[in-house]
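J.: what follows is a predicted protein model with its sequence.
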Amino acid sequence: MRFPLHITTDNIKHSMKNALQGNRRYPFVLMLEPLYTCNLACIGCAVERHTGKLKDRLPVELCLQAVDESGAPGVSLCGGEPTVYPELRELVNGIIERNRHIYLCTNALLMDEKVFGLIDPHKRLTINVHLDGMRETHDHVCARDGVFDKAIEMIKESKRLGYHTITNTTIFKETKISEVEELCEYMASLDIDGMLISPGYQYESVEEDIFMTRQDIYDKFQRVLEISKRYRLTSTPMFLEFAAGLRDYKCSPWSTVTFTPNGWKGPCYLIGKKFTWSWEEFWHLTDWDYWESREDRLCQNCLMHSGFEASVVKELPRNPGDMARLMAWNLMG
């Protein structure tokens, strides 16, 4: 299977439970950012995500409260760089005790010090390593030499130790799809468990002209769609067709909720119009109808998986053919 069985069954149970309760909107993933401190300053990252002080990190108790409040079956630990978080082991154990699946998103620089030997491999833990290209490109994006080689070393060790390990690649305006294919081929040779490839999105605080227009995304993802037939990509075929301009969806900003050192971030992972410490205020006072419509200027060039993979799932009951296709895609992965 493309995903571990328990992830699939947990998501099905979660959707059925919410359907029975009559909930039209509900979180699929909690983006949990316990800190805004990072050991890199990548050129495509929002400034606030790598300039935070460690003393301003969220306490474990607030992180776990957010896990409980969101009810999402998946928790993406990001930031900042989560391996910098001093209480990472306690946080991971607390999330696993709640039967949530964790995606530990990391640049891998500190994995040998902060993960291996401290946090055991577990079926509910996936290591998600950031790789935006081969050596020259990735080191350029990370603004530091040697990051690619360290990441590869840590991927190999992660696989050797038995961690479920995937990669996360962002495509920018200057990204060559031939290099993405080269990266996929290399990752396949390392027996990687999955590869997420997503179009970059311009955070308001990133000024460099490295992001794509919607047409740029369509052009590049028509090639990615072809690549997906040969490699273990984790984006659904329907999302890749959407990113290639072959189908359309409304956004589902409520599907990926974000908790940060400033509280709940609304309306979505990418756009911070308002922050609040109250889950009730965030969930019930956000104008979901407006943000679903994608009419805001900030949404015009956004085709991020965090907003649209849930839209794919939401539309499946209306398209039995897509449902059968998705099941086959997962089973044959």
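T.: Now that the structure is in, tell me what you want to look at. Numbering: from 1, shown residues only.

J.: in the stretch 201-333 of the chain, which spans are helices?
T.: 214-227, 237-243, 279-285, 288-293, 305-315, 320-331 (DSSP state H, counting those that start in this stretch).

J.: figure out which of these is closest to residue 40.
T.: helix 305-315 (20.8 Å; CB to CB). In short, each C-beta sits where N, CA and C put it, glycine included.

J.: coming back round to it: including mean neighbour count and mean pLDDT, could the helices of the stretch 201-333 of the chain go into JSON lines?
T.: Converted to JSON lines, these look like this (neighbours: other CB atoms under 10 Å; pLDDT from 0 to 100):
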{"stretch": "helix 214-227", "mean neighbour count": "18", "mean pLDDT": "93"}
{"stretch": "helix 237-243", "mean neighbour count": "22", "mean pLDDT": "95"}
{"stretch": "helix 279-285", "mean neighbour count": "15", "mean pLDDT": "98"}
{"stretch": "helix 288-293", "mean neighbour count": "15", "mean pLDDT": "96"}
{"stretch": "helix 305-315", "mean neighbour count": "22", "mean pLDDT": "91"}
{"stretch": "helix 320-331", "mean neighbour count": "13", "mean pLDDT": "88"}
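
J.: for residue 45, find the nearest of those.
T.: With CB to CB as the criterion, residue 45 lies closest to helix 305-315 of the helices of the stretch 201-333 of the chain, at 15.1 Å.

J.: what does the closest one contact?
T.: Helix 305-315 has contacts (CB atoms under 8 Å, 6 or more residues apart in numbering) with 15, 28-29, 31, 196, 198, 235-236, 238-239, 242, 249-253, 255-256, 268-270, 322, 326.

J.: thinking again about what came up before, out of the helices of the stretch 201-333 of the chain, flag the one nearest residue 105.
T.: helix 305-315 (11.9 Å).

J.: tell me the gap between the closest one and the middle of its chain.
T.: With CA atoms, centre = their mean, to the nearest Å as the basis, helix 305-315 stands 13 Å off its chain's centre.

J.: how about the helices of the stretch 201-333 of the chain in TSV, adding distance to residue 50?
T.: Converted to TSV, these look like this (distance: least, CB to CB, whole Å):
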stretch	distance to residue 50
helix 214-227	25
helix 237-243	26
helix 279-285	24
helix 288-293	26
helix 305-315	19
helix 320-331	35
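
J.: and residue 58, which of those helices is closest to it?
T.: Using CB to CB, the nearest of these to residue 58 is helix 279-285, at 14.2 Å.

J.: what's that closest one packed up against?
T.: Secondary-structure packing of helix 279-285 (3 or more CB pairs under 8 Å, 6 or more residues apart in numbering; DSSP states H and E): helix 60-70, strand 263-267.

J.: can you say which of the ones you listed is packed in most?
T.: Most buried of these, by mean neighbour count (mean count of other CB atoms under 10 Å): strand 263-267, with a mean of 22.

J.: picking that back up, show me which of the contacts of helix 305-315 are buried.
T.: Buried members of these, counted by 16 or more other CB atoms under 10 Å: 15, 28-29, 31, 196, 198, 235-236, 238-239, 242, 249, 251-253, 255-256, 268-270, 322, 326.

J.: from those residues, which land in strands?
T.: Of the positions in these, 29, 31, 196, 198, 256 sit in strands, assigned by DSSP state E.

J.: among these, show me the least confident.
T.: Within the set of these, pLDDT is lowest for residue 198 (90).

J.: where does pLDDT dip in the protein?
T.: The chain contains residues with pLDDT under 70 at 49, 202-210.

J.: by residue count, tell me the biggest strand in it.
T.: The longest strand of the chain (DSSP E) is strand 164-171.

J.: mind listing the strands it pairs with, and their directions?
T.: strand 125-130 (parallel), strand 194-199 (parallel) (DSSP bridges).

J.: could those go into JSON lines alongside distance to residue 148?
T.: What follows is these, written out as JSON lines (distance: least, CB to CB, whole Å):
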{"stretch": "strand 125-130", "distance to residue 148": "10"}
{"stretch": "strand 194-199", "distance to residue 148": "15"}
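
J.: for those, which one sits closest to residue 138?
T.: Comparing the strands paired with strand 164-171 by CB to CB, strand 125-130 comes nearest, at 8.5 Å.
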